[in-house]
Each structure stands twice: as C-alpha cells, then as structure tokens.
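**Student:** okay, sequence plus prediction incoming.
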Amino acid sequence: MTEIKKRSEVAQEPKKLMPPWLKRKIAYSGKHNSIRCNIHAKGLHTVCIEAKCPNRGECYSRGVATFLIMGNVCTRNCSFCSVSHGTPPKLDPSEPDHIVEAVAELNLRHVVITSVTRDDLSDGGASVYALIVKKLKTTLPDVTIELLIPDFKGDVRALDTVFVCKPDILNHNVETVPQLYPIIRPQASFQRSLEVLKRASDQGLTTKSGIMVGLGEKSEEVIQTMEALRSVDCSILTIGQYLQPSADQIKVAEFVHPELFEKYSKTAKELGFSEVSAGPYVRSSYRADELWSKVTK
C-alpha cells in the first residue's frame with residue numbers, strides 16, 4: 001500500500017525539476033483571444049483558466065474550451081486542485097442560455113461541461129446540468145454533449161436527474177488511486193465514485209473516468225484502479241501527469257516516464273476499455289472531441 005504522508009509534510013519537500021519530455025512550446029493562434037472574449041464576456045467560466053490547465057493555450061488555439069458551470073468557487077478543497085474553495089455565490093439563472101449561445105458562436109461540435117462541487121445545493125446542482133443539456137439538445141441538436149460531473153454526495157435522485165437527460169458521455173473522475181484519497185480527495189470516496197459510474201453505466205450511458213499519476217501511487221495500484229473502473233463497466237479512460245498548478249497545491253511526487261504511460265495504455269486496452277488516452281499532458285477533457293470520434297467509429 002502507498003505510504004500516506006500528511007499534506008504539510010509533502011508541501012515541505014523540495015520541488016522536482018521538470019524533465020525534458022514535459023517541456024513544450026506554448027500553442028497560440030488568433031482564436032485564443034476570441035475564445036477568451038466570447039466566453040468571459042458572457043460571465044462564463046472555464047476549467048481551463050480556473051484550474052490553471054497546462055493545455056489551455058493549445059485548446060484555445062483549437063477553438064475549444066471546457067465550460068465550468070455554477071460559478072468558480074468549490075465547496076470542497078482537494079489538495080491537487082487550484083479552483084477556489086469556500087462559499088459559492090448564488091446561481092446565475094442566465095448561465096444555461098449563455099452556455100448555449102457560446103457553444104453556437106464558437107461553432108462547437110462536441111461540448112464538455114463540468115462544474116465546481118456544490119454541496120451547498122440540495123441537489124448538488126444536478127438540475128442545472130439537466131437544464132443545460134435540455135437547452136443544448138433543443139437548440140443545437142447536432143452537438144454532442146459530454147458532462148464531467150461531481151459525485152453529488154451519492155444522491156441517487158440527483159444522479160438520475162442528470163442521467164435521464166442522456167448526455168453522449170457521462171464522465172466522473174476518480175482522480176487517483178484509492179490509497180491516496182486521504183490526502184488528495186479527503187472529502188470524497190473512491191467507492192462512491194465507482195457507484196456513480198456504475199449507476200450511469202447501468203442506465204445505458206457511455207461512461208468515462210480519469211486519473212492522475214505522479215502523486216506517489218504505485219504502478220500496481222494504478223492497474224488495480226483500472227480494474228475497479230472496468231468492474232463498473234467504465235469504457236473510456238484518461239491518464240495524465242499531475243502537475244502542481246501553484247504553490248498552494250500538493251507537490252509532484254514523481255514525473256512519470258512516457259514509457260510507463262504506454263504501458264498503462266496497453267494494460268487498459270487489455271482490460272477492455274474501448275478508448276484510452278494516456279500521456280504526460282493528457283487531461284480529462286483534453287482533445288475530448290477526438291476521443292469521442294474514435295468511440296463512434
């Protein structure tokens with residue numbers, strides 16, 4: 001089992017130097033500013049900015065972004081995440097319409113929508129997800145929809161509120177191996193996350209999940225996590241390198257070599273995942289449109 005360190009102990013460890021395979025040029029194009037202006041002018045948020053995603057320059061240059069709904073303040077405080085935490089503001093009733101407008105103006109064919117965790121809301125915000133999906137399907141029926149949802153504290157009524165609207169992909173990230181949950185996701189439960197994915201799969205949805213590596217996990221624990229995900233019929237998997245977003249988050253324990261990502265990808269395919277994306281800069285919604293196109297071939 002992975003040795004669990006206190007968060008304060010990990011924070012005191014020296015910062016590791018970035019290896020050569022993680023160094024790359026920043027992608028930029030004329031679309032970059034138009035994406036930012038389009039989204040932020042409507043008062044919308046993206047996980048690209050709020051979570052300080054290292055791929056945001058590349059994604060913006062491709063004309064895509066992942067929408068972050070229900071504000072940019074999370075009620076949970078995971079040690080890997082740079083999204084602000086605290087008491088969120090009231091919901092913006094105009095947000096669903098602005099999401100649809102932005103998707104149309106950006107001419108997106110595959111849209112990824114996620115949110116902060118809103119444990120302060122009676123349904124965790126499930127009804128907001130459902131409303132956005134309904135509006136997208138009514139207004140832009142050719143757009144495929146991927147939802148990256150929180151666990152809604154395992155509330156089956158909230159989960160079913162989302163599932164019944166039938167997104168094309170239902171994504172819920174387990175984020176890391178269960179052995180590291182006490183320091184990485186102290187307010188979450190690995191088993192509860194598996195139950196979310198199982199319920200979605202049981203209702204006929206295509207399910208997806210993602211994990212980060214480089215947090216101190218052992219390779220056999222990663223494989224065991226893959227096996228657990230397959231046991232609930234999760235069909236799409238992403239595996240990426242954890243990179244510390246700022247000094248406030250937990251430090252990187254290890255930079256995983258590309259060869260190990262290849263091994264993980266091969267193992268995942270052998271376990272039965274229909275599609276796998278694994279690599280140092282892979283994130284849950286990174287090139288999600290391309291991954292979806294492979295699923296539908």
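**Tutor:** Happy to help now that I have it.
**Student:** make it CA atoms for all contacts and neighbour counts henceforth
**Tutor:** Noted.
**Student:** for stretch 198-213, give the mean pLDDT please.
**Tutor:** For stretch 198-213, mean pLDDT rounds to 98.
**Student:** what's the offset of that stretch from the middle of its chain?
**Tutor:** How far stretch 198-213 lies from its chain's middle: 12 Å, per Cα atoms, centre = their mean, to the nearest Å.
**Student:** and the contacts of that stretch?
**Tutor:** Identification of contacts with stretch 198-213 by Cα atoms under 8 Å, 6 or more residues apart in numbering yields 163, 166-177, 197, 229, 232-242, 256, 283-284.
**Student:** first to last residue in it, what's the distance?
**Tutor:** Using Cα to Cα, to the nearest Å, one end of stretch 198-213 lies 23 Å from the other.
**Student:** P141: neighbouring residues, count only.
**Tutor:** P141: 12 surrounding residues under other Cα atoms under 10 Å.
**Student:** with the one 5 residues further on instead?
**Tutor:** Other residues near E146 come to 26 when the count uses other Cα under 10 Å.
**Student:** with just CA atoms, put the helix or strand hosting E290 into PDB.
**Tutor:** Assigned by DSSP states H and E, E290 falls within helix 288-295. Output of helix 288-295 as PDB, limited to C-alpha atoms (Å, rounded to 0.1, in the frame of the first residue of the first chain):
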ATOM      1  CA  ALA A 288     -12.300  15.100 -25.900                       C
ATOM      2  CA  ASP A 289     -13.800  15.700 -29.300                       C
ATOM      3  CA  GLU A 290     -11.200  13.500 -30.900                       C
ATOM      4  CA  LEU A 291     -11.600  10.700 -28.300                       C
ATOM      5  CA  TRP A 292     -15.300  10.800 -28.900                       C
ATOM      6  CA  SER A 293     -14.900  10.500 -32.600                       C
ATOM      7  CA  LYS A 294     -12.900   7.300 -32.000                       C
ATOM      8  CA  VAL A 295     -15.700   5.900 -29.900                       C
END
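**Student:** the contacts of stretch 198-213 in helices, which ones?
**Tutor:** Among the contacts of stretch 198-213, DSSP state H puts 163, 197, 229 in helices.
**Student:** rewinding a little: mind listing what's buried along the helix holding E290?
**Tutor:** By neighbour count on 16 or more other Cα atoms under 10 Å, the buried set for helix 288-295 is 288-289, 291-292.
**Student:** those strands in the stretch 1-150 of the chain, which residues are they?
**Tutor:** 45-46, 66-69, 73-74, 84-85, 110-115, 144-148 (DSSP state E, counting those that start in this stretch).
**Student:** and the contacts of the first one?
**Tutor:** The set of residues that contact strand 45-46 without belonging to it, under Cα under 8 Å, 6+ apart, is 39, 65-69, 71-72.
**Student:** hmm, P178 is touching F190, no?
**Tutor:** Yes. The pair P178 / F190 is scored as a contact, 5.7 Å apart, by Cα atoms under 8 Å.
**Student:** where does the protein have low pLDDT?
**Tutor:** Within the chain, the ranges that satisfy pLDDT under 70 run 1-15, 24-37, 50-52, 55-63.
**Student:** mind running it again at 50?
**Tutor:** For the chain, applying pLDDT under 50 flags the ranges 1, 4, 7-8, 10-12.
**Student:** show residues contacting stretch 230-239.
**Tutor:** With Cα under 8 Å, 6+ apart, stretch 230-239 has contacts from 194-195, 197-198, 201, 206-213, 261, 268, 271-279, 282-284.
**Student:** that stretch: which residues count as buried?
**Tutor:** Within stretch 230-239, judged by 16+ other Cα under 10 Å, the buried ones are 230, 232-239.
**Student:** now render those residues as TSV, adding distance to L131.
**Tutor:** Output for those, formatted as TSV (distance: Cα to Cα, whole Å):
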residue	distance to L131
R230	30
V232	27
D233	27
C234	25
S235	26
I236	25
L237	27
T238	27
I239	30
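**Student:** just the ones of these in strands?
**Tutor:** 236-239 (DSSP state E).
**Student:** so where do the helices sit in the protein?
**Tutor:** 7-11, 31-41, 47-50, 56-61, 95-105, 126-139, 156-163, 181-184, 190-202, 219-231, 258-271, 288-295.
**Student:** what about T87, how many neighbours?
**Tutor:** 13.
**Student:** what sits against it?
**Tutor:** Applying Cα under 8 Å, 6+ apart to T87 gives the contacts 73-75.
**Student:** contacting residues around I39?
**Tutor:** By Cα under 8 Å, 6+ apart, the neighbours of I39 are 45-46, 102.
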